[in-house]
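Engineer: Pasting the sequence and the predicted model now:
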Amino acid sequence: MGWRVRTRILVCAWAVLIMAGCGSTTVEEEPVPPPETEAPVPETPTPEAPEEEPPPPEEVEVEPIEPQPVPEQPRPPPPMFQPGFHQALRWSYSTGGVTFRLRVPVGRAGDRVRLAFRSGDGNLVLRKATIALAGPEGSLASAPVTVTFSSTPGFSVTARTRVVSDPVALPVGFRDELAVSFEVQGALAVSAIHALPGSFVRSGSHTGVTGPLGGTPWDRAVGLATVEVEGPPARAFVALGDSITEGYIDELDDTRLAWPSVAETKLGVPIVNAGVSGQGFYDALLNLDAEVLVLEGITDCVVLLGTNDLAGLTVDKLQARMSSLTERLRPFCRVWVGTLLPKEKSNHGAYETVKTQRLEMNAWIRDTFPDVIDFESVTRRPDNVHLFLDGLVVDGIHPSAEGHRVMATEAARVLREAGVQPEPGVVLPAEGEP
């Protein structure tokens, strides 16, 4: 049998096994051993591409950041000069070469003071001036400190001129009393009433005397218009009015008993006095610049005016002049308006007219102004609006010292309720103490 036949037989046999074809012949198969299980071939890891090194970082220019300053605490406002004593000095007094030593209370504390002098109706020469704490009987309680004016010891001025001194180093406390000594000749501005007991005048030059000055008692405010004290900024009041505000009580007056001074003590803030005996609205408006608006550091004004005009002006004119006065004051200060006190008589004009117009004026004040001090309500009798309470009046028009105390108490109450606080460091007396 040739090789081709054998090959064909083998192929057919394999086909029978696989396809069950190639004829019906059964062929006994030789067992075929199962294929051996092959061990898994470990996978050859695919080689990873080498990591590329990152490019070097580019150099970035960074602007330096300046450190932020720590927020500062609010700084206290710098000290300033504000009035601690003032008098309007409407009138004039002429003298030869004399030395005045005035004893004046100051309603402000600080380390330096300035003095303002005012000439009268003629020329005035001031040669020397000193200031010290006041002692008894016209003596000094501290060494006198020389006062200068533009670095010179004195000045020479014409009529109705105001001269302010250089600052003087002198620590003063609230309600301390100062002795201001000055040698002068000529015309000095002067008050109408005797308001400064404890003051003296002596012929010659005696500004440096530390003991009692000697000479003659002198109790009118003269020459010295204002004492300013440098300290922390605070509320500072000026009172405008007539003799009731200036402090007329009788022939022996004292500015310390006038309602502005008493209210000052109760509140712990300066309330200086620009009252002028006998004036009405016309005079107040005419002299406002020289006697009130000239003051520096004023924050509040209290107006108690109209009593002397009740008989001479209609209510419409009274109201118009009060409005003119308050409008001029508003850019300068917060304005408080006082109601007019009872009036038990009239020295000028018909009393019935005075009574009627006073009531109308007070009703208008209460309805018109936001800041009112109702002096009438605390001084009138409950059963008669035209009469004072017992003990509060001396002559039917002017309040007594007790009347001034009652007025001051009401003023202090109203202002305190409106937020007025004592100056820094001021300790008020306990209620009931003087």
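Structural biologist: Arrived safely, thanks for sending.
Engineer: Tell me, please, the helix or strand in this protein that averages the lowest pLDDT.
Structural biologist: helix 3-19 (a mean of 35; mean pLDDT, DSSP states H and E).
Engineer: for the longest strand seen in the chain, which positions count as buried?
Structural biologist: Longest strand in the chain by number of residues (criterion: DSSP state E): strand 110-133. Judged by neighbour count using 16 or more other Cβ atoms under 10 Å, the buried positions of strand 110-133 are 110, 112-120, 124, 126-133. Any C-beta I mention is one placed from the backbone N, CA and C, and that applies to glycine too.
Engineer: Name every strand pairing with the helix or strand hosting Gly84 and say which way it goes.
Structural biologist: Of the helices and strands defined by DSSP states H and E, Gly84 is found in strand 80-86. Sheet pairing of strand 80-86 (DSSP bridges) gives strand 224-231 (antiparallel).
Engineer: so the strand it pairs with versus strand 110-133, what angle?
Structural biologist: Counting by axes from the mean of the first three to the mean of the last three Cα atoms, to 10 degrees, strand 224-231 lies at 140 degrees to strand 110-133.
Engineer: now whichever helix or strand comes after strand 224-231, how far from the centre of its chain.
Structural biologist: On the C-terminal side of strand 224-231, the closest following helix or strand by DSSP H and E is strand 237-241. Remark: strand 237-241 is offset 16 Å from the chain centroid, using Cα atoms, centre = their mean, to the nearest Å.
Engineer: who touches strand 237-241?
Structural biologist: 83, 86, 245, 259-260, 264, 269-276, 284, 292, 295, 298-305, 325, 333, 338 (Cβ atoms under 8 Å, 6 or more residues apart in numbering).
Engineer: Taking these, please make a ChimeraX selection of just the buried ones.
Structural biologist: For the buried members of those, the matching ChimeraX selection, counting by 16+ other Cβ under 10 Å, is:
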select :83,86,245,259,260,264,269,270,271,272,273,274,275,276,284,292,295,298,299,300,301,302,303,304,305,325,333,338
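Engineer: In helices, which of the contacts of strand 237-241 fall?
Structural biologist: Counting by DSSP state H, the contacts of strand 237-241 place 245, 259-260, 264, 284, 325 in helices.
Engineer: and the two most separated of these?
Structural biologist: Maximum pairwise distance in the ones in helices among the contacts of strand 237-241, criterion Cβ to Cβ, is 22.3 Å, between Glu264 and Leu325.
Engineer: Leaving out the residues flanking it, which one is nearest to Val294?
Structural biologist: Closest residue to Val294 apart from its sequence neighbours, by Cβ to Cβ, 6 or more residues apart in numbering: Arg162 at 6.4 Å.
Engineer: so who does that neighbour touch?
Structural biologist: Counted by Cβ under 8 Å, 6+ apart, Arg162 has contacts 116-118, 225, 290, 294.
Engineer: could you redo the last one with a cut-off of 10 Å?
Structural biologist: Contact analysis of Arg162 by Cβ atoms under 10 Å, 6 or more residues apart in numbering lists 89, 116-119, 189, 225-226, 290-291, 294.
Engineer: Kindly report the same for Leu341.
Structural biologist: Per Cβ under 10 Å, 6+ apart, neighbours of Leu341: 244, 304, 307, 358, 362, 375-376, 378-380, 388, 392-393, 397-399, 403, 407.
Engineer: Look up phi and psi at Leu286.
Structural biologist: phi -70, psi -40 (degrees, to the nearest 10).
Engineer: The residue nearest to His86 when sequence neighbours are not counted and Asp176, how far apart?
Structural biologist: Using Cβ to Cβ, 6+ apart and skipping the chain neighbours, the partner closest in space to His86 is Val272 (3.7 Å). Plainly put, Val272 is 15 Å away from Asp176 if you go by Cβ to Cβ, to the nearest Å.
Engineer: Kindly report the same for Glu183.
Structural biologist: Glu183 sits 23 Å away from Asp176, going by Cβ to Cβ.
Engineer: give me the low-pLDDT residue ranges for this protein?
Structural biologist: Along the chain, segments meeting pLDDT under 70 span 1-67, 70-71, 431-434.
Engineer: Tell me where it has helices.
Structural biologist: Using DSSP H, helices in the chain cover 3-19, 243-246, 259-267, 281-286, 288, 315-329, 351-368, 375-379, 401-417.
Engineer: can you tell me which of the ones you listed comes nearest to Thr216?
Structural biologist: Taking Cβ to Cβ as the criterion, Thr216 comes closest to helix 243-246 out of the helices of the chain, the separation being 23.0 Å.
Engineer: I'd like to check what contacts that closest one. Which residues are they?
Structural biologist: Applying Cβ under 10 Å, 6+ apart, the contact partners of helix 243-246 are 87-88, 90, 191-193, 195, 221, 239, 249, 253, 255, 258-260, 273-279, 302-305, 307-308, 338, 340-341, 375, 397-399, 403-404, 407.
Engineer: contacting residues around Ala179?
Structural biologist: 101-104, 130-135, 138-142, 144, 198-200, 210, 213.
Engineer: Not counting its neighbours along the chain, what's nearest it?
Structural biologist: Nearest to Ala179 is Ala134, by Cβ to Cβ, 6+ apart, at 4.0 Å.
Engineer: is it true that that neighbour touches Leu170?
Structural biologist: No: if you go by Cβ atoms under 10 Å, Ala134 and Leu170 don't touch, sitting 12.0 Å apart.
Engineer: So among the contacts of Ala179, which ones count as buried?
Structural biologist: By neighbour count, with 16+ other Cβ under 10 Å, the contacts of Ala179 hold 101-104, 130-135, 138, 140, 142, 144, 198-200, 213 as buried.
Engineer: Mind checking which of those are in strands?
Structural biologist: 101-104, 130-133, 200.
Engineer: Let me have the residues you listed in TSV, extended by distance to Gly154.
Structural biologist: Rendered in TSV, the data for these read as follows (distance: Cβ to Cβ, whole Å):
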residue	distance to Gly154
Arg101	16
Leu102	17
Arg103	22
Val104	20
Thr130	12
Ile131	14
Ala132	18
Leu133	23
Phe200	20
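Engineer: ok, these vs Pro78, which is closest?
Structural biologist: Ile131 (23.1 Å).
Engineer: The closest one contacts Pro171, doesn't it?
Structural biologist: No: proximity of Ile131 to Pro171 does not meet the contact threshold set by Cβ under 10 Å, at 11.8 Å.
Engineer: Check the contact lists of those two and give me the overlap.
Structural biologist: Joint contacts of Ile131 and Pro171 (Cβ under 10 Å, 6+ apart) are 113, 142.
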